[in-house]
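Undergrad: Model the structure of this input:
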Amino acid sequence: LGHDVRTGGLAEGRIGAGKGADRFLFVPLGTGIAGAIGIDGRVEAGAHGFAGEIGHIVVRPGGTPCPCGQTGCLERYASAAAVTEAWATVSGTPGADAADCAKAVTSGDPRAEKVWQEAVDALADGLVTALTLLDPRTIIIGGGLAEAGETLFTPLREAVRSRITFQKLPTIVPADLGDTAGCLGAGLLAWDLLNSTDRTEVAP
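TA: A predicted model of the protein is given here:
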């Protein structure tokens, strides 16, 4: 029925963390980073279906190569997969993941704090670019990395705040709906389709 991130974003915008916001940006931080641009209760797909690909904003020019063909893309620094890779390397524990990194941050491990802050800084750079272009009222952060709670949101809000100049600071909140967002959004799309059909033209 729709792109997984855009359907998830639709649900978060209408019945989740963005409920009531006329403009929002939904950004799940998982294996990669994508985005859904919410405008007055709908999600903008773009002319070719690629709107919202915030993960491929270049935040570190000349940096880590990305499978998309660019170097320095946001998702190579701030996705859950990127944090997992960085922490596994730094900690010397091949099985370590982003959740382990977050736990090490809360316990005060300076190596984890460095990895985490680099991810937060990259994410803030990408979000400020997005809010400069889109001026959302609310930014909704979801995906695996958001499960770290205030370990992520406290430094992220401060990093975004410190970067803006003329832009208006959006509310930055965690997603509400978790793994059910995509299914709920697909249901909302189906409901919209049903409601937009003129049943008077359907033969009995």
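
Undergrad: where's the residue sitting nearest the centre point of the chain relative to residue 34, distance?
TA: With distances taken as C-alpha atoms, centre = their mean, the residue of the chain nearest its centroid is residue 27 (1.6 Å). To residue 34, residue 27 is 8 Å away according to C-beta to C-beta, to the nearest Å. In short, each C-beta sits where N, CA and C put it, glycine included.

Undergrad: For the nearest residue to residue 98 once chain neighbours are set aside, grab the count of nearby residues.
TA: Nearest-residue entry for residue 98: residue 83, 4.0 Å, with adjacent residues in sequence omitted and distances by C-beta to C-beta, 6 or more residues apart in numbering. By other C-beta atoms under 10 Å, 28 other residues sit near residue 83.

Undergrad: For residue 83, give me phi and psi.
TA: phi -70, psi -40 (degrees, to the nearest 10).

Undergrad: Could you do residue 26 as well?
TA: Dihedral angles (degrees, to the nearest 10) for residue 26: phi -100, psi 120.

Undergrad: just residue 65 next, same as before
TA: Here is the backbone geometry of residue 65 (degrees, to the nearest 10): phi -60, psi 140.

Undergrad: Tell me, how many residues neighbour the closest residue to it other than its chain neighbours?
TA: Leaving out its chain neighbours, the residue that sits closest to residue 65 by C-beta to C-beta, 6+ apart is residue 71, at 5.1 Å. Other residues near residue 71 come to 14 when the count uses other C-beta under 10 Å.

Undergrad: you'd agree residue 71 is up against residue 77?
TA: No. Counting by C-beta atoms under 8 Å, residue 71 sits too far from residue 77 to count as a contact (11.3 Å).
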